[in-house]
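K.L.:
predicted coordinates and the sequence they were generated for:
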Amino acid sequence: MKGGLFITGTDTGVGKTKIATALLAAGVQAGLVMAPMKPVASGAEFFDRGDGYRELRNDDALELLAAAGGGFGYAAINPYCFEPAISPHIAAMEAGVTVDPAQLQVAARDLATKCDCLVVEGAGGWFAPLGPELTIADLAGTLNLPVLLVVGLRLGCLNHAMLSRQAIERSGLKLAGWAVSEIDPTMPRRAENLATLRRTFGSEPLLHLGFDPTRSAELEAGTAALKRLGWLSESRANSP
């Protein structure tokens, strides 16, 4: 495997899926085998597979799978899927299910053997609970992948970004970088907030996607990020 990444966010609804799909689609365009993973998802609908079995499927996980070009079974990329759109730990409790990080580690390792790059998207923010004594931070530690922090550009994001960055760094995991997802087109002082984020992280964002980016913009941003991560050589990125 050339690379792996755990994508977390400053909160729920900040654009983690948008950033993840940009990376996946750019990798596929460059000829890499990209494997997505959404270990735990809540908010799903039943899908008739055509073999007499109905399977819960989450929209974010389906977007990841589509961006990666398919090639993986749904259950392989989203081992824990819950119907109600509520906090995963509550959904798991109501379903009588315990999220097992060891099982997710095995699933991630299996995907890693079948791809060049593994892109794992968490749920909610860094400390979002998955069980009584399990958080997204704990899961990220179990998978032991570099972390990409997605900052949803909206009022309050500066505090959330600073707290999340400190928590990730204290966990001992590598912070691979940060990404910007513009989720509020009316946000005041946008440029000033971006400047503060650059000072906070001491670097440019790995990816920066606008509020409603075109596919070409997503691919361009994703390709540039893959090169900065070292997953994609300049020659391969520019090959037809």
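P.N.:
Received the coordinates, thanks.

K.L.:
relative to G43, how far out is the closest residue in space to V151 that isn't next to it in sequence?
P.N.:
Excluding the flanking residues, the one nearest V151 by Cβ to Cβ, 6 or more residues apart in numbering is A161, at 4.8 Å. Using the backbone N, CA and C atoms, a C-beta is placed for each residue, glycine as well. A161 sits 25 Å away from G43, going by Cβ to Cβ, to the nearest Å.

K.L.:
which one of those two is surrounded by more residues?
P.N.:
For A161 versus G43, neighbours defined as other Cβ atoms under 10 Å are more numerous around A161 (26 against 17).

K.L.:
what packs against the host helix or strand of the more buried one?
P.N.:
When elements are defined using DSSP states H and E, A161 is found to belong to helix 157-170. The criterion is 3 or more Cβ pairs under 8 Å, 6 or more residues apart in numbering; DSSP states H and E, and the helices and strands that helix 157-170 contacts are strand 3-9, strand 147-153, strand 175-182, helix 190-201.

K.L.:
closest to V120 out of these?
P.N.:
For V120, the closest of these is strand 3-9, at 4.8 Å, according to Cβ to Cβ.

K.L.:
which residues does the residue nearest to F127 when sequence neighbours are not counted contact?
P.N.:
Beyond its immediate neighbours in the sequence, the residue positioned closest to F127 (Cβ to Cβ, 6+ apart) is T135, lying 5.0 Å away. Applying Cβ atoms under 8 Å, 6 or more residues apart in numbering to T135 gives the contacts 126-129.

K.L.:
low pLDDT regions in this structure?
P.N.:
Applying pLDDT under 70 to the chain flags residues 234-240.

K.L.:
quick one: the strands in it?
P.N.:
Listed from the start of the chain, the chain has strands (DSSP state E) covering 3-9, 34-37, 40-42, 44-48, 54-58, 80-82, 117-125, 129-131, 134-135, 147-153, 175-182, 207-209.

K.L.:
between these, which gets nearest to Q103?
P.N.:
Using Cβ to Cβ as the criterion, the shortest distance between Q103 and the strands of the chain is 8.6 Å, found for strand 80-82.

K.L.:
who touches that closest one?
P.N.:
With Cβ under 8 Å, 6+ apart as the criterion, strand 80-82 contacts 39-44, 56-58, 61, 88, 91-92, 94-95, 97, 99, 104.

K.L.:
what do you get if the cut-off is 10 Å, keeping everything else the same?
P.N.:
Contacts with strand 80-82, where a contact means Cβ atoms under 10 Å, 6 or more residues apart in numbering, come from 38-44, 55-58, 61, 74-75, 88-95, 97-100, 103-104, 107, 123, 130.

K.L.:
roughly how far apart are the residue lying farthest from the centre of the chain and R198?
P.N.:
Among the residues of the chain, the one whose C-alpha is farthest from the average of all C-alpha positions is G52, by Cα atoms, centre = their mean at 31.4 Å. Using Cβ to Cβ, we find G52 at a distance of 54 Å from R198.
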